[in-house]
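Colleague: Below: sequence and its predicted model.
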Amino acid sequence: MMTKLKNTFSWSFSAAADFDECRRRRYWSKYGMWGGWERGADEMTKAAYRLNKMTNRWGLMGVATEETIMRVLRQHQAGNPITADEAYEAVARPFLIRCWKESRAKAWQKNPKQFCCLQGHYYGTMEDEKSAIGAIRKQVLHCTANFIDNVLPRIEQIPFEQEMRIQTPDMGGDPENITWNGVKMYVIPDYAYRRGNQMHIHDWKAGKIKKAHREQLAGYALWAEVKYHVPIENIFLYVEYLNEGQVLPFQLTKEEFDGQKARIEASVAEMSEYLADFDRKKNEPLPKEEWELAADPNSCKYCKFYELCKGEL
């Protein structure tokens, strides 16, 4: 008999962002969908689970870019350098074709975890598919070319053995996480390596430049401190803006790091207010209605859970 999965309280940068933008979205993605994979689940739970697996074309583009540039890096390390076009044809193109076909064919109806579902297909908002596909291809190629020109020269001498093994969601099992102040935190850097007593952490960004990215990497610094006991003065952070061909390298002062830790603690405390008896160990959510809808109703039509909330809007 299989052990029943337990919904454990956890924190991540993306979860905190969802919670801040819309309490109800966080409810659906963490609690409302739980158990939706089981045969006996009610229809709303099944729907929430299905919608939680949905992605949009920009999310698809980000994944395609990350996988493509990592192929470039691995081929370079193996002594077989490839061009941006070769990497795209080998990795991104088959991935995107497969996802697009699965989504259009509604293969996700059989297994939403295994097959891709694009928000534009599901809600009928994909106006010009040919243009959308062309835009994704153009951006993945552009980001990959910028990686080869601007990032690869800075990391090409790093031996594979110095890289940190990072458990990603596609590997199966629990993704990379730490426990800090008794709270499970999902922290998944894109690329990290040791150089002497230093830790260098890179995050690939295929989209726009955002101030919030600096805070996200502060979370990765906490991962390095907790899991590998690296002091903050020895942690070097890099936001790699691949579309712009820019890099934001920085270090955190102790004061900045302490400030970020305080913000995480405040976020955890606020999330705990939406649990029965504030009990993170039990992790039982308050009723759905207690999780407020987004302050701006116009933003709801862009949310993957729109179908579940539209009756209240």
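Modeller: All right, it came through fine. Numbers count the residues shown, from 1 in each chain.
Colleague: who's in contact with the closest residue to residue 286 other than its chain neighbours?
Modeller: Distance criterion C-beta to C-beta, 6 or more residues apart in numbering; nearest residue to residue 286, sequence neighbours excluded, is residue 274 at 5.3 Å. C-beta: built from backbone N, CA, C; applies to glycine. Shown in contact with residue 274 (C-beta atoms under 8 Å, 6 or more residues apart in numbering): 23, 27, 285-286, 290-291.
Colleague: which parts of stretch 32-43 are buried?
Modeller: 32-37, 41 (16 or more other C-beta atoms under 10 Å).
Colleague: Which members of these are the farthest-apart pair?
Modeller: 32 and 37 (13.3 Å; C-beta to C-beta).
Colleague: pretty sure residue 265 contacts residue 182?
Modeller: No - counting by C-beta atoms under 8 Å, residue 265 stays clear of residue 182, with 11.0 Å between them.
Colleague: and the two? which has more neighbours close in?
Modeller: residue 265 (14 against 9; other C-beta atoms under 10 Å).
Colleague: From residue 239, how far out is residue 233?
Modeller: Separation of residue 233 from residue 239 (C-beta to C-beta, to the nearest Å): 19 Å.
Colleague: Could you do residue 228 as well?
Modeller: 20 Å.
Colleague: out of those two, which sits in the busier spot?
Modeller: Higher neighbour count among residue 228 and residue 239: residue 239, with 20 against 13, using other C-beta under 10 Å.
Colleague: how would you label the more buried one: helix, strand or coil?
Modeller: Following DSSP: H, G, I helix; E, B strand; the rest coil, residue 239 is assigned to strand.
Colleague: contacting residues for it?
Modeller: 203, 205, 213-214, 217, 247-248.
Colleague: try it again with 6 Å
Modeller: By C-beta atoms under 6 Å, 6 or more residues apart in numbering, the residues touching residue 239 are 203, 213, 248.
Colleague: again, but for residue 297
Modeller: Residue 297 touches residue 313, counting by C-beta under 6 Å, 6+ apart.
Colleague: quick one, phi psi at the residue nearest to residue 286?
Modeller: phi -100, psi 10 (degrees, to the nearest 10).
Colleague: where's it relative to residue 32, distance?
Modeller: From residue 274 to residue 32 the distance is 12 Å (C-beta to C-beta).
Colleague: So what's the residue count around the closest residue to residue 254 other than its chain neighbours?
Modeller: Sequence neighbours aside, residue 232 is the residue nearest to residue 254 in space, at 6.0 Å (criterion: C-beta to C-beta, 6+ apart). By other C-beta under 10 Å, the residues close to residue 232 number 18.
Colleague: what does the model give residue 232 for pLDDT?
Modeller: On the pLDDT scale, residue 232 is placed at 98.
Colleague: List of residues touching the longest helix along the chain?
Modeller: For the chain, the helix that runs over the most residues, judged by DSSP state H, is helix 57-77. Under the contact criterion C-beta under 6 Å, 6+ apart, helix 57-77 has outside partners 82, 87, 91-92, 95-96, 99, 132, 136, 139-140, 143-144, 147, 156, 160, 204, 206.
Colleague: residues of the following helix or strand past it that come out buried?
Modeller: For helix 57-77, the following helix or strand on the C-terminal side (DSSP states H and E) is helix 84-87. Within helix 84-87, the residues that count as buried by 16+ other C-beta under 10 Å are 84, 87.
Colleague: what does helix 84-87 rub up against?
Modeller: Taking C-beta under 6 Å, 6+ apart as the rule, helix 84-87 contacts 68, 71-72, 141, 144-145.
Colleague: Let me have the residues you listed in TSV, extended by neighbour count.
Modeller: Below are the contacts of helix 84-87 laid out as TSV (neighbours: other C-beta atoms under 10 Å):
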residue	neighbour count
68	26
71	18
72	24
141	18
144	27
145	18
